[in-house]
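Enquirer: any chance you could fold what I've pasted below:
(chains A and B)
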Protein chains: 2
Amino acid sequence: MHKIKGGICAIEGVRANGIKEEKKGLTVILGEGEAAGVFTKNKIKAAPLILTEKNLSSTGKLRGIIANSGSANAFTGKEGYEDAVKMARLLAEEIDSPVEEIGVASTGVIGERIDFDWIRKKFGEVFLKISNTEDASKMANRGIMTTDTREKEFAIEYKGVKIGGIAKGSGMIAPDMATMLSFIYTDAKFSSKILRRSLMRAVDKSFNMLSIDGDMSTNDTVLLTATGDFSMREEDFQRALDEVCLELARKIALDGEGATKYVEVRVKGAKKRGDARIAAKSVVNSSLVKTAIFGGDPNWGRIIAALGYSGAEIDGDKISLFLGNPDEDQNTVILNGEVLRLDEERFREILSKDKIIIEVDLGLGREEAISFGCDLSYDYVKINGAYRT
Amino acid sequence: MHKIKGGICAIEGVRANGIKEEKKGLTVILGEGEAAGVFTKNKIKAAPLILTEKNLSSTGKLRGIIANSGSANAFTGKEGYEDAVKMARLLAEEIDSPVEEIGVASTGVIGERIDFDWIRKKFGEVFLKISNTEDASKMANRGIMTTDTREKEFAIEYKGVKIGGIAKGSGMIAPDMATMLSFIYTDAKFSSKILRRSLMRAVDKSFNMLSIDGDMSTNDTVLLTATGDFSMREEDFQRALDEVCLELARKIALDGEGATKYVEVRVKGAKKRGDARIAAKSVVNSSLVKTAIFGGDPNWGRIIAALGYSGAEIDGDKISLFLGNPDEDQNTVILNGEVLRLDEERFREILSKDKIIIEVDLGLGREEAISFGCDLSYDYVKINGAYRT
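Expert: Numbering: from 1, shown residues only, chains lettered A, B, ... in the order given. Below is the predicted model:
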């Protein structure tokens, strides 16, 4: 498996473009084939998700995606739904496609209608310059950015098949997806049903283990379209797709709102897989753990407290806790329930790194899970204290 | 029902004192009678909780409480448990009580042993000046403060019976209790069994609906001792105890780490009580709602998103949302799913107040719940980025 360049445009035939003007953005992507989507579990679901989910379940195909940033088109009633349909129709008419084979996505402020006039006005401009270049993938990525500070794309080649994706997301990122959009393309050939199964598995290990602030968005969307006709074993495809989703999830964590450090929590030794997952999420979600990491404060008791309230089965006498990157200078804090005397200086040094890995062995079984997140800084408060203004 | 002065010392015969020296504190309270406790649900439970829970379940009585701040005596192994026993013994021997009738509580850093030498050295000094004055209640309160910025006490008289309590807590305060200690006394006469039932009910409506940062402590403890022999109907006692616990919970919310605003979320119209509770907690817990309130940003969509991911049954078409104090200038944002055009200036004015009330009517039933919390400010990050240092 090796990394390749080009984001979604690493896939032959995928054409894309995007535009960002102040808080508004528009992205258009063309790529035809069997397709699948995974959407937020928030009960307040934005209009474009309702439409795209309906489209996918009736046709199992996508010919293109149109997405905007600035307004989330969530909690916007019937008019909001009509706006989403209008977006789909705009692209469908241009490429002579059934409206049911268009995916629509939105991100931005909840409760405000999209500026459809702006979208219509800009659509021609964006569509005109649609292309299959590296730059096109980046432009498409830029069109859906909100508080994101950088583009997030990743593509790999594995056994002759390519998978490439772009993603946006930096806040309202929670256990179970995130305020995130991700569009993924592959030149492998699979049915919509298999794509959906693979995508759900991959999302479960990656985007669903991502937390910036514990808030779950109304707009989370991941779309996967298989445009080519390379054949591949499903297990191999799963492996490659997992890798793309994991890498995009890490990129979102790295770009978390106000983040100064990337945090990864690896829990092993759980009796059940569900225990490993909730334990890992509980630690990565804890505001106290996040502020301690921001401040470089070796307050490991907060990790233990977060494990204790996670709901996972825990036995204090069996826990081991390691801090730092295992490839470099991992530090054992607790071994089988025994707290080791720590060299605070060394501890602080580990916490001063950009990448903090918290490894927990619950000592109860063989299940494991990894969660992704970042620290909680002054800038998170700043960014979110005046998001709309 | 009317408010009276004196905190726990409003109750005749209750004697108290405390000392705080930099990060260490010690509190001693005497008051004899049937007693009950409610403790954290965190699976990593601090040593003093294990001891006090055991004592209460064997005797149902307390003669006194000894509590320290600075170290939480959590995750401290067998030595930690021995330290808690030593604290109990210190007080038991002084007042010639069975060790099993002493309550012990701790708050502070997790994973560090208490400084028992300091406690032993200070104990005599604290005990010597124990008294039943207003000031004594405040001193006892001070001995258990950590990041708290002020004392929290409340006492009422109702139908001839008095109930008074003190509380500490300002961070690691979560759904289901908080890093909080609260010691409550009454001159009513009830069995330990009834006290426990009443206390659990009162805690459920108050401390369990309190959230500062979503982190649940290893040390949460509420102890209730009935020292007198006034008789009262259980329902009346419940009403009065509810009021004391609610008021103490509000005081903790007001003093949340870095808090600039008090936030109360009132959810009504839920189909089930559990739905009302998780919906109210979800909103008060949301980092995005909290930062929006800190910044005075009228971004009500975040409230809707938090309701949507709460797990409660929700129908977007039936939700109504009101902001502001209903006694003053409440503003209707959503009425039966319809978003009203808002006067943003007025909206900002409401958000500039010290006390923000978010009222939600789910429009599905008759159950309701109230949660308590505060905004999320730069100072929260500052306080928690370097708590130990």
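
Enquirer: check the gap between A:Ile163 and A:Ser231 for me.
Expert: 14 Å (Cβ to Cβ, to the nearest Å). Heads up, the C-betas are built off the backbone N, CA and C, glycines and all.

Enquirer: again with A:Ser217
Expert: Distance of A:Ser217 to A:Ser231, computed by Cβ to Cβ: 36 Å.

Enquirer: please apply the same query to A:Ala140.
Expert: From A:Ala140 to A:Ser231 the distance is 27 Å (Cβ to Cβ).

Enquirer: next one: A:Glu243
Expert: Counting by Cβ to Cβ, the gap from A:Glu243 to A:Ser231 is 19 Å.

Enquirer: higher neighbour count, these two?
Expert: A:Glu243 (18 against 11; other Cβ atoms under 10 Å in any protein chain shown).

Enquirer: quick one, what contacts A:Leu323?
Expert: A:300, A:330-331, A:333, A:347, A:350-351, A:356-359 (Cβ atoms under 8 Å, 6 or more residues apart in numbering or on different chains).

Enquirer: could those go into CSV alongside distance to B:Lys268 and secondary structure?
Expert: Shown next, in CSV, are the contacts of A:Leu323 (distance: Cβ to Cβ, whole Å; DSSP: H, G, I helix; E, B strand; the rest coil):
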residue, distance to B:Lys268, secondary structure
A:Trp300, 42, coil
A:Gln330, 51, coil
A:Asn331, 50, strand
A:Val333, 46, strand
A:Phe347, 48, helix
A:Ile350, 48, helix
A:Leu351, 45, helix
A:Ile356, 42, strand
A:Ile357, 45, strand
A:Ile358, 40, strand
A:Glu359, 45, strand
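
Enquirer: narrow these to those that are buried.
Expert: With burial judged by 16 or more other Cβ atoms under 10 Å in any protein chain shown, the buried subset of the contacts of A:Leu323 is A:300, A:331, A:333, A:347, A:350-351, A:356-359.

Enquirer: pLDDT of the longest strand belonging to chain A, averaged?
Expert: Looking across chain A with DSSP state E, the single longest strand is strand A:24-39. The predicted model gives strand A:24-39 an average pLDDT of 95.

Enquirer: do stretch A:1-18 as well
Expert: 96.

Enquirer: kindly export it (C-alpha atoms) in PDB.
Expert: Output of stretch A:1-18 as PDB, limited to C-alpha atoms (Å, rounded to 0.1, in the frame of the first residue of the first chain):
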ATOM      1  CA  MET A   1       0.000   0.000   0.000                       C
ATOM      2  CA  HIS A   2       1.500   3.300  -0.900                       C
ATOM      3  CA  LYS A   3       0.500   6.900  -0.700                       C
ATOM      4  CA  ILE A   4      -0.100   8.800  -4.000                       C
ATOM      5  CA  LYS A   5      -0.800  12.400  -4.800                       C
ATOM      6  CA  GLY A   6      -3.900  14.000  -6.100                       C
ATOM      7  CA  GLY A   7      -6.600  13.500  -3.500                       C
ATOM      8  CA  ILE A   8      -9.900  12.600  -5.200                       C
ATOM      9  CA  CYS A   9      -8.300  13.500  -8.500                       C
ATOM     10  CA  ALA A  10      -5.900  10.600  -8.100                       C
ATOM     11  CA  ILE A  11      -8.800   8.600  -9.500                       C
ATOM     12  CA  GLU A  12      -9.100   8.700 -13.200                       C
ATOM     13  CA  GLY A  13     -12.200  10.400 -14.500                       C
ATOM     14  CA  VAL A  14     -13.000  12.200 -11.300                       C
ATOM     15  CA  ARG A  15     -13.300  15.900 -12.000                       C
ATOM     16  CA  ALA A  16     -13.600  18.600  -9.400                       C
ATOM     17  CA  ASN A  17     -13.500  22.300  -8.600                       C
ATOM     18  CA  GLY A  18     -14.500  24.600  -5.800                       C
END
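
Enquirer: so what's the residue count around A:Ser352?
Expert: Neighbourhood size, A:Ser352 [other Cβ under 10 Å]: 10.

Enquirer: so it versus chain B, what's the distance?
Expert: Between A:Ser352 and chain B the distance is 13 Å, computed by Cβ to the nearest Cβ, to the nearest Å.

Enquirer: just give the nearest non-adjacent residue to that residue, would you?
Expert: Nearest residue to A:Ser352 in three dimensions, chain neighbours excluded: A:Gly296, at 5.5 Å (Cβ to Cβ, 6 or more residues apart in numbering or on different chains).

Enquirer: where do the helices of the stretch 101-250 of chain A begin and end?
Expert: A:116-128, A:134-143, A:192-205, A:234-254 (DSSP state H, counting those that start in this stretch).

Enquirer: what's near enough to touch A:Leu248?
Expert: A:152-154, A:165-167, A:182, A:206-207.

Enquirer: switch to 10 Å and redo it
Expert: Contact analysis of A:Leu248 by Cβ atoms under 10 Å, 6 or more residues apart in numbering or on different chains lists A:152-154, A:165-169, A:180, A:182, A:184, A:202, A:206-207, A:210, A:222.

Enquirer: and the strands in the stretch 201-350 of chain A?
Expert: Assigned by DSSP state E, counting those that start in this stretch, the stretch 201-350 of chain A shows strands spanning A:210-211, A:221-230, A:262-270, A:320-323, A:331-335, A:338-339.

Enquirer: tabulate those (a markdown table), appending mean pLDDT.
Expert: Output for the strands of the stretch 201-350 of chain A, formatted as a markdown table (pLDDT from 0 to 100):
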| stretch | mean pLDDT |
| --- | --- |
| strand A:210-211 | 80 |
| strand A:221-230 | 94 |
| strand A:262-270 | 95 |
| strand A:320-323 | 92 |
| strand A:331-335 | 89 |
| strand A:338-339 | 88 |
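
Enquirer: looking at those, which is buried most?
Expert: Most buried of those, by mean neighbour count (mean count of other Cβ atoms under 10 Å in any protein chain shown): strand A:210-211, with a mean of 29.

Enquirer: for the closest residue to A:Asp317 other than its chain neighbours, give me the backbone phi and psi.
Expert: Counting by Cβ to Cβ, 6+ apart, the nearest residue to A:Asp317 once its immediate chain neighbours are dropped is A:Gly337, at 3.8 Å. Backbone torsions for A:Gly337, taken as degrees, to the nearest 10, come to phi 90, psi -10.

Enquirer: then the one 5 residues further on?
Expert: For A:Leu342, the backbone dihedrals (degrees, to the nearest 10) come out as phi -100, psi 150.

Enquirer: that one touches A:Asn299, doesn't it?
Expert: No: using Cβ atoms under 10 Å, A:Leu342 is not in contact with A:Asn299, being 11.4 Å away.
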